[in-house]
Every structure is written in structure tokens, then in C-alpha cells.
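**Q** Pasting the sequence and the predicted model now:
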Amino acid sequence: MKLRIIMADPAGNRTAIVRTPVPADQRAQIAAKLLQIKELRAEQVGFETSPVMGGAGRLDMMGGEFCGNAARSYGYLLWKEKQEAQDKAAGNILMEISGSPHPLCVFCDPAQGGSYAEMPMPTAIEYSPEGFPLVVSEGITHMILEDMEPDEDLIRHLVDTYGRKWEAFGIMFLKGERLIPVVYVAGAGSLVYESSCGSGSLAAAWYLGQKSARDSLSTYSFQEPGGIIRVDLRREKDGSISGHMGGALFLEIETEIEL
């Protein structure tokens, strides 16, 4: 099978965007093979599919999970390819991604080389028997571990205990502004120490915001292994909270790979 692929690099969270149609029942197998290609240095794989909710395009992740970095990368790609966007400095585009029940707005700024994605907000916070907070969202749930360093035995225990309860399970090691993300995707069977994690950054910011109960606009910047991810949270007039996540990213030229 020959695949057209564009590699996106949002703060090091390298994402393979597969533009060749791939049947749903083959995506996990194809993704596993792509993740093994050392030259790609991919941490995750998304498959371009036909939009079903009116978006300009749709990306289905390798395990049907949600991924904020993939969303903003794919939105940026669509924006750059829109003919009417060529002469504009910046603008918005609606895109669809697995794990989100509605299209997401991605703000694209080619002049600054970055994008920011509207994020599905967490639906609940739970606590594990160990007392660790679990931020539950559509498509992915993140456990926030404050002031702890990554530990192989702990990660394996948490993945074995909680990893298969959701489409994707993130373990966020948070210490001040430093964030080290580890993500397990049940459908793909992958466990990755990610260079950055958009949904995990949003989950950490939302968790910190719940603790501080800030009003109006709150901004958080997390230093992650691959770069900085910024999260903006806004309390709306009806009391709800909306969030955007993003930063710099780079798109490589399209390549063709034969598996």
C-alpha cells in the first residue's frame, strides 16, 4: 500500500497525517507500522477522512481518540490549502476530529507559524483510589500527577489499571510550569512519552483553574519536552468555561511511503 503522508510537528508532538484513504479496520495496523519507521519520528497517526458535520475536513486518529495537537495541525494544513486564505495573514477554519462531538474552530496564523484550536472541555473530575485526579473529557481522560517524576513501574501500573477504560488515557507529570506527558491509546495499543500533549495541557490548565477558581480569562504556559504549549481558559457569561490551546508548529512537505 502506498500512502501520502504529511508530517506535522506541533511542539515536538510529531503527527503523521495520512491523506490516502485507509479503511477503518486497517488503521490501527497501518498506524503501528508508521510509528515504527524511525525516519518519521512519529508519536501518533491521524487519517484524513470525509467530514460528517460540516467541517472543512476531518481527521480520525489511530485509535479513535481525541488529540488537540493533531486538530490544530490538521486545521493549519487545511487553512494553508484554502485558496481564499492565501492572501490573508490569519484566520479561522472549522475542522472535525475523532473524539469531538462537534466541529472545532482552529485559528491559524501563518505569519507567526502557529495555530490555536478550540478544545472540547472536560466533563468531570474524578479521583482514583490512590487519590490522583482524573480529568475526564470526550475522547481522552488525563490523570494529573503533581510534583512527581515519571516512573516506569508507576506508569505501567496506571496503564494496566485504568488505560482500557477510555479511548485514550494520559498521565500528566506536572511540576510548576513543567509538564511531561505519557499517553496510552487502547485501540492502537500504543504507549508514548509525548514531546507535548495538547489535550493534556488543557486538562492540566482546567484542573489548576478549578483549584484557584479564577474569574474571566486565565492563561497557562507549559514547558514540555518538545516546546511550549499555551492554554487560554475563559469563563463565559453563563458560567461555563471555554478553552483554546496552541503554539508554534511546522508542516513538512508531503511524502509517499510504501508499506
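**A** Everything's here; your move.
**Q** in its sheet, what does the host helix or strand of R234 sit against?
**A** Element membership of R234 [criterion: DSSP states H and E] is strand 227-235. Taking DSSP bridges as the criterion, strand 227-235 sits next to strand 217-224 (antiparallel), strand 241-248 (antiparallel) in its sheet.
**Q** Residues in contact with whichever helix or strand comes after the last one: which ones?
**A** The first helix or strand that comes after strand 241-248 along the chain, using DSSP H and E, is strand 250-251. With CB atoms under 8 Å, 6 or more residues apart in numbering as the contact definition, strand 250-251 has outside contacts at 6-9, 73, 76-77, 80, 113. In short, each C-beta sits where N, CA and C put it, glycine included.
**Q** same deal with stretch 212-232?
**A** So stretch 212-232 is contacted by 11-13, 116, 177-181, 193-198, 201-202, 204-205, 208-209, 233-235, 243-248 (CB under 8 Å, 6+ apart).
**Q** tell me how far that stretch is from the chain's mean position?
**A** Per CA atoms, centre = their mean, to the nearest Å, the displacement of stretch 212-232 from the mean C-alpha position of its chain is 15 Å.
**Q** returning to that earlier point: closest one to N92 among the strands paired with strand 227-235?
**A** strand 241-248 (11.1 Å; CB to CB).
**Q** Narrow the contacts of strand 250-251 to just the buried residues.
**A** 6-9, 73, 76-77 (16 or more other CB atoms under 10 Å).
**Q** Out of those, the closest to R58 would be?
**A** In terms of CB to CB, no member of the buried ones among the contacts of strand 250-251 lies closer to R58 than L77, at 12.3 Å.
**Q** ok, that closest one - contacts?
**A** 6, 8, 17, 251.
**Q** Secondary structure, distance to F66 and pLDDT for these - can I get that in CSV?
**A** CSV is the format used below for these (DSSP: H, G, I helix; E, B strand; the rest coil; distance: CB to CB, whole Å; pLDDT from 0 to 100):
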residue, secondary structure, distance to F66, pLDDT
I6, strand, 20, 98
A8, strand, 16, 98
I17, strand, 15, 98
L251, strand, 21, 95
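**Q** Out of the residues you listed, the closest to G170 would be?
**A** For the contacts of L77, the nearest to G170 is A8 (19.1 Å; CB to CB).
**Q** what's the most distant pair in the contacts of L77?
**A** Largest pairwise distance in the contacts of L77, by CB to CB, is 8.7 Å, between I17 and L251.
**Q** So which of those two has more stuff around it?
**A** Higher neighbour count among I17 and L251: I17, with 22 against 17, using other CB atoms under 10 Å.
**Q** circling back: among the strands paired with strand 227-235, which is nearest F66?
**A** Per CB to CB, nearest to F66 of the strands paired with strand 227-235: strand 241-248, 11.8 Å.
**Q** And the contacts of that closest one?
**A** Residues contacting strand 241-248 (CB under 8 Å, 6+ apart): 10-11, 68, 72, 107, 112-119, 121, 198-199, 201-202, 205-206, 209, 227-236.
**Q** Leaving aside the residues adjacent along the chain, what's closest to R4?
**A** R19 (4.3 Å; CB to CB, 6 or more residues apart in numbering).
**Q** What residues sit buried inside stretch 120-128?
**A** Neighbour-count burial for stretch 120-128, counted by 16+ other CB under 10 Å, picks out 120, 122.
**Q** what's the span of that stretch, first residue to last?
**A** Start-to-end span of stretch 120-128 (CA to CA, to the nearest Å) is 22 Å.
**Q** So for that stretch, mean pLDDT?
**A** Averaging pLDDT along stretch 120-128 gives 93.
**Q** ditto for stretch 234-248
**A** Stretch 234-248 comes out at a mean pLDDT of 88.
**Q** How about it, which residues are buried there?
**A** Under the neighbour-count criterion of 16+ other CB under 10 Å, stretch 234-248 has 235, 243-248 buried.
**Q** same question, stretch 160-168
**A** So stretch 160-168, judged by 16+ other CB under 10 Å, has buried residues 162-163, 166-168.
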